[in-house]
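Visitor: sequence and computational prediction follow.
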Amino acid sequence: MPCGSCVGYAIAILAVVVTTLIAYFKWTYQYWERKKVPYLKPKIPYGNGSSPLRAKEHTGLRLARFYEEMKAKGWKHGGLFSILTPGYLVVDLDYLKNIMTKDFHHFVDRGLYYNEDADPLSAHLFAIGGEKWRNLRTKVTPTFTSGKMKMMFQTLVDCIPNFIAKIEADRVASAPIDIKETLGCFTTDIIGSCAFGLEFNTFKDEDSPFRRYGRKFFERDRLTVMKQVLAINFPNVAKMFSVAVIPSDISNFFVKLVKDTVNYREKNNYSRKDFMQLLIDIKGKNLANEGGNKYDGKTLTLDEIAAQSFVFFIAGFETSSTTMAFALYELAKHQDIQDKLRDEIDSVLATHNGEITYESIQDMKYMDQVISETLRKYPPLPFLTRTCVKDYKIPDEDVVIEKGTRIFIPVLGIHHDKEFYPDPEKFDPERFTEESKSNRHHYAHIPFGEGPRVCIGARFGLMQSKVGLTTLLKHYKFTINKKTIQPLKMKVSSIVLAADGEIWLNAEKV
């Protein structure tokens, strides 16, 4: 047995360590006070957060609360802490405009973790920064022009028959429709066709690997959560230990899928007007210099093609399907709004030979209002991040945001601010008439971000959402099934803002 003096010595050492650690936390938690920035008081050890394994609310909801609290105090900005990492939350929309657009060169990066070697799919356009992001953004942008959207439109429309067949089968069987899952299959098939040139057949194949891996990515288990906490708060340590935040089975599946597709097209000289082909064309332009240009965005490796294809798939199917699901939920609750939108759909389609065309959905102005209001109340990404890449002095204030500081943009909080949206819980598309929008700060509605890092796929996402809603409302009237648990609660662990549990709707033939 250890002697008494040894035990006493060990206890003394432990006491010194604990005391030193607590002192370090307290000193760190004075960071914003030293910077003369108001801040919300943190608690050891999680700062202004809570245990990531016992979280009770989505991070976006928590940041929305912080935004509301800071604004009530009259602050234009405020400091936060994630464990030992200081964070800066923007409240004033003019400050936000500076960060996202006017002074963007100080905030180019999102500050998301990626590891090109250990986790190749993580090095996608949404995460990467600096010169590589600029180069890649320039290369990829042409695939999302209105001309390219129009070119892909028929490919999108070709996914409608299986979609309608599923809705009709449930209607005939008098079965409630799990609208989130049904729309998830629809958008997965669209992305499969428009991005990969493949038929995913998620309606016919209940165990489709694309649907399975897509769902898995957004449902984070405990191990993935811990990896992400490490990657966010201690990125250098995560890279040192080659931490991968995307599960290996998902990564292996998509890397193989992309490599097989690229090899097939190159071997057979096969070309198709889709997202994949654009990336292949970028890869082919500078093959002779690929070694020297690796990871600079001027050319693409197969892993980089896989990463861009992956983020297009993930972002494309989930954000649009959740947006349509929330829209249909609100339309089912508000039959007057649903009827008004259906009247517009019928009226517009009548001038286009009854067909859903690229031009017809552009003519649906009330549709735009309904989707804009849905994105206001339920923004798929309820918060955004930026990282200060070089010291930034806030205009008209004696405050400098230091290089490396993470910036939090509380999208959900801004979208529910009573100053901009009276009675924010009310679903009201009239908020987005041209007159209403002109009387509101431009940065009060940022579901796709804003500035140079605005979502590159926003136009595509809106297009498929309009097609989906037009297709359904043209044929069916929706009401809420009693199986839907109301009021809706949001998932805690999901990356996007999504309902916790199914949204069940009834469909009645129009």
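Guide: Arrived safely, thanks for sending.

Visitor: could you give the number of residues near E69?
Guide: 15 (other C-beta atoms under 10 Å). Where you see a C-beta, it was placed from the backbone N, CA and C, and this is true even at glycine.

Visitor: going forward, begin numbering at 10 instead of 1
Guide: Right, with 10 as the first residue, what we last looked at is E78.

Visitor: who's in contact with it?
Guide: Contacts for E78 were tallied using C-beta atoms under 8 Å, 6 or more residues apart in numbering; they are L49.

Visitor: mind checking how far it is from E353?
Guide: Distance from E78 to E353, counting by C-beta to C-beta, to the nearest Å: 40 Å.

Visitor: ok, now T328?
Guide: When C-beta to C-beta is the yardstick, T328 and E353 sit 24 Å from each other.

Visitor: look at the two and report which has more neighbours.
Guide: More neighbours surround T328 than the other of T328 and E353, with 25 against 19 (other C-beta under 10 Å).

Visitor: the more buried one contacts L506, doesn't it?
Guide: No - if you go by C-beta atoms under 8 Å, T328 and L506 don't touch, sitting 9.5 Å apart.

Visitor: give the residues shared as contacts by the two.
Guide: Counting by C-beta under 8 Å, 6+ apart, the contacts common to T328 and L506 are P389, L390.

Visitor: in the top helix by length along the chain, what's buried?
Guide: For the chain, the longest helix by residue count, based on DSSP state H, is helix 311-342. For helix 311-342, the buried set under the neighbour-count rule, 16 or more other C-beta atoms under 10 Å, comprises 311-341.

Visitor: how far away is the most centrally placed residue in the chain from S474?
Guide: In the chain, the residue lying closest to the centroid (C-alpha atoms, centre = their mean) is L390, at 4.2 Å. L390 sits 15 Å away from S474, going by C-beta to C-beta.

Visitor: quickly find the element holding R221.
Guide: helix 218-227 (DSSP states H and E).

Visitor: and the next helix or strand after that helix, what's buried?
Guide: Using DSSP H and E, the helix or strand that follows helix 218-227 towards the C-terminus is helix 231-242. For helix 231-242, the neighbour count (16+ other C-beta under 10 Å) marks T233, K236, Q237, V238, L239, A240, I241, N242 as buried.

Visitor: tell me what helix 231-242 is packed against?
Guide: Here helix 231-242 touches helix 244-249, going by 3 or more C-beta pairs under 8 Å, 6 or more residues apart in numbering; DSSP states H and E.

Visitor: elements contacting the helix it packs on?
Guide: Packed next to helix 244-249, using 3+ C-beta pairs under 8 Å, 6+ apart, are helix 231-242.

Visitor: pull the residues that contact the helix it packs on.
Guide: 61-62, 91-94, 122, 229, 246-247, 252-254, 256, 502.

Visitor: then it to CSV, C-alphas only?
Guide: Extracted in CSV, the C-alpha atoms of helix 231-242 (Å, rounded to 0.1, in the frame of the first residue of the first chain):
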residue,chain,number,x,y,z
ARG,A,231,-21.8,10.3,-29.7
LEU,A,232,-18.4,9.5,-31.3
THR,A,233,-19.0,11.9,-34.2
VAL,A,234,-20.1,14.6,-31.8
MET,A,235,-16.9,14.3,-29.8
LYS,A,236,-14.8,14.4,-32.9
GLN,A,237,-16.5,17.6,-34.0
VAL,A,238,-16.1,19.2,-30.6
LEU,A,239,-12.4,18.5,-30.8
ALA,A,240,-12.1,19.7,-34.4
ILE,A,241,-14.0,22.9,-33.7
ASN,A,242,-12.2,23.9,-30.5
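
Visitor: show me the shaky parts of this structure.
Guide: 10-13, 294-307 (pLDDT under 70).

Visitor: check contacts around K35.
Guide: Going by C-beta under 8 Å, 6+ apart, the list of residues near K35 reads I53.

Visitor: helix or strand for it, which one?
Guide: K35 belongs to helix 13-37, assigned by DSSP H and E.

Visitor: any idea how far that helix is from the chain center?
Guide: Here the centre of helix 13-37 is set off from its chain's centre by 43 Å, with C-alpha atoms, centre = their mean, to the nearest Å.

Visitor: same deal with stretch 203-221?
Guide: Relative to the centre of its chain, stretch 203-221 is centred 21 Å away, using C-alpha atoms, centre = their mean.

Visitor: show me what that stretch is in contact with.
Guide: 161, 164-165, 171-172, 174-175, 193-195, 197-198, 201-202, 262, 266-267, 270, 281, 283-286, 318, 321-322, 325, 469.

Visitor: what about burial for these, which qualify?
Guide: Buried, going by 16+ other C-beta under 10 Å: 161, 165, 171-172, 175, 193-195, 197-198, 201-202, 262, 266-267, 270, 283-286, 318, 321-322, 325, 469, out of the contacts of stretch 203-221.

Visitor: tell me where this structure has strands.
Guide: 86-91, 94-99, 186-187, 393-396, 401-402, 409-410, 415-418, 485-489, 513-518 (DSSP state E).

Visitor: can I get the ones you listed in TSV including distance to Y40 and mean neighbour count?
Guide: Output for the strands of the chain, formatted as TSV (distance: least, C-beta to C-beta, whole Å; neighbours: other C-beta atoms under 10 Å):
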stretch	distance to Y40	mean neighbour count
strand 86-91	7	22
strand 94-99	5	23
strand 186-187	47	21
strand 393-396	16	20
strand 401-402	16	16
strand 409-410	12	18
strand 415-418	12	22
strand 485-489	48	18
strand 513-518	48	18
